[in-house]
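Chemist: Based on what follows, work out the 3D shape:
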Amino acid sequence: MRRPSRRGAADIQAVEHDDGAFFVQRSRRRLYEISIPDGSSRFRSQDMSRLNPAAYRPGIKRIAVQQQPDTRAYAVLDDGSMAVLTYERDDKVAAVTTMTHAGGGLIEDVCVLPEDDQDDVYVIVNRGGTRTHERLAKEAAQTSSATCALLDAHKVLTGSVSAITGGTHLAGSTVQVWADGRRRADVTLDGAGSAALGATYARVVYGIGYAAVFKSVKLAYAAGLGAAVGQTKIVHGVGVILANSCLDGIRIGRDASNTDPMPAIVNGAERTPSQFFTHYDADIFPINSTWDADARVYLSVNSAEGPCTIQGLVLDVETRDGAAPGNG
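Modeler: Predicted coordinates for the structure are as follows:
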């Protein structure tokens, strides 16, 4: 028999997807796919972690695959984080996202159960020795301001809700609250996991907020003397294209220490707190940037401030060929 791969496999159960399978290489730091490529008659293996090997460096201890709505391979890592590979072979998409649990929780295991519209993804989280069984929210509940299931370890209360009850897994913690389509004031749960809300709502989501962070790769635009990599440049402004988003939690700048909020005026009117935009495509606006050979764009989103789906960024970059780095 022909051996489809000589990479070696770790003692971790492989998982099938479509017409292939994912397996962990014997180092436990690389995720491979084994499949029959188009135009071939034999199985071959390819390193799915090669474009972002650092994401798997802590070591893989468990994998699971989700097929709906996209193919996503979840890899639980030794440090309590989880690497998520979004994979679409036909479109040549292979993107790795690192997921951590807010509040210091460690992800210990993952399991996927098939469903019609979106497969359910369950994780076991160890929070200070107490383990909880948690399910990732459906995408439909994450992209709507009416539901806004965007908090870690969250619970949903419905009816006539004037107080949080049953939050024993977060007892003694300060939690973020989203109720009836808006961000509400944070509350601190007592030892029994309860807290008064100060008002009555029909639907309350409470949990721990987290930050979604994006940092661009090296920018190679606007160079008259060859590639802009290694040339002094500045990002004057950014245009953001959004869908189903609130703008309050978005901050953009050159790095984590130098960010500003989104513009307060949208289409000639001042936006209101928790205002929801099904589509946002406004003019490029200036950001806090400086002249640097490695100028980049940094973006963060606070999950407690509502849904956010970023569809694209448009950059206004100027390259000063041969200029020295410095403030501008």
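Chemist: Just confirm Gln311 contacts Leu242, I think it does.
Modeler: Yes. If you go by C-beta atoms under 8 Å, Gln311 and Leu242 touch, sitting 6.4 Å apart. Yep, even glycine has a C-beta here, placed from its N, CA and C like the rest.
Chemist: Who has more neighbours out of these two?
Modeler: Counted by other C-beta atoms under 10 Å, Gln311 and Leu242 do not tie: Leu242 has more neighbours, with 21 against 13.
Chemist: State the distance from the closest residue in space to that one that isn't next to it in sequence to Asn288.
Modeler: Distances taken as C-beta to C-beta, 6 or more residues apart in numbering put Tyr280 closest to Leu242, at 3.9 Å, once the chain neighbours are dropped. According to C-beta to C-beta, to the nearest Å, Tyr280 stands 20 Å off from Asn288.
Chemist: neighbour-wise, which of the two wins?
Modeler: Counted by other C-beta under 10 Å, Tyr280 and Asn288 do not tie: Tyr280 has more neighbours, with 23 against 15.
Chemist: what residues are up against that one?
Modeler: 240-243, 245, 247, 266 (C-beta atoms under 8 Å, 6 or more residues apart in numbering).
Chemist: Would you mind naming the residues that pair with Val213 in a beta bridge?
Modeler: Ser300 (DSSP bridges).
Chemist: what's the distance between it and Leu299?
Modeler: Counting by C-beta to C-beta, the separation of Val213 from Leu299 is 7 Å.
Chemist: These two: which is more packed in?
Modeler: Leu299 (20 against 11).
Chemist: and the more buried one, what does it touch?
Modeler: 213-215, 250-252, 259, 310, 313.
Chemist: What of His279?
Modeler: So His279 contacts 242-243 (C-beta under 8 Å, 6+ apart).
Chemist: Helix or strand: which one has it?
Modeler: strand 276-281 (DSSP states H and E).
Chemist: and the helix or strand just after that strand, what does it pack onto?
Modeler: Later in the chain than strand 276-281, the nearest helix or strand by DSSP H and E is strand 285-286. In terms of contacts (3 or more C-beta pairs under 8 Å, 6 or more residues apart in numbering; DSSP states H and E), strand 285-286 is packed against strand 233-246.
Chemist: Which parts of the strand it packs on count as buried, going by neighbours?
Modeler: Buried positions in strand 233-246, judged by neighbour count with 16 or more other C-beta atoms under 10 Å: 233-235, 237-238, 240, 242, 244-246.
Chemist: That one packs against which elements?
Modeler: strand 250-255, strand 276-281, strand 285-286, strand 309-319.
Chemist: I'd like the distance from the longest one to the chain centre, please.
Modeler: Going back to what we said before, that points to strand 309-319. In terms of C-alpha atoms, centre = their mean, to the nearest Å, the centre of strand 309-319 is found 19 Å from the chain centre.
Chemist: ok and it relative to strand 276-281, angle-wise?
Modeler: Interaxial angle, strand 309-319 versus strand 276-281 (axes from the mean of the first three to the mean of the last three C-alpha atoms, to 10 degrees): 30 degrees.
Chemist: what lines up beside strand 309-319 in the sheet?
Modeler: strand 233-246 (antiparallel).
Chemist: Next, the angle from the strand it pairs with to strand 250-255.
Modeler: Using the same axes, to 10 degrees: strand 233-246 against strand 250-255 is 160 degrees.
Chemist: Can you dump the C-alpha atoms of strand 233-246 in CSV for me?
Modeler: Taking C-alpha atoms only, strand 233-246 is exported to CSV below (Å, rounded to 0.1, in the frame of the first residue of the first chain):
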residue,chain,number,x,y,z
LYS,A,233,5.3,55.5,5.4
ILE,A,234,2.2,56.7,7.2
VAL,A,235,-1.5,55.6,7.3
HIS,A,236,-3.3,58.9,7.1
GLY,A,237,-6.8,57.4,7.3
VAL,A,238,-9.0,54.3,7.2
GLY,A,239,-12.3,53.6,5.7
VAL,A,240,-14.3,50.8,7.4
ILE,A,241,-17.0,48.7,5.7
LEU,A,242,-19.3,47.1,8.2
ALA,A,243,-22.5,45.0,8.3
ASN,A,244,-24.9,44.5,11.2
SER,A,245,-22.7,46.5,13.6
CYS,A,246,-22.7,48.9,16.5
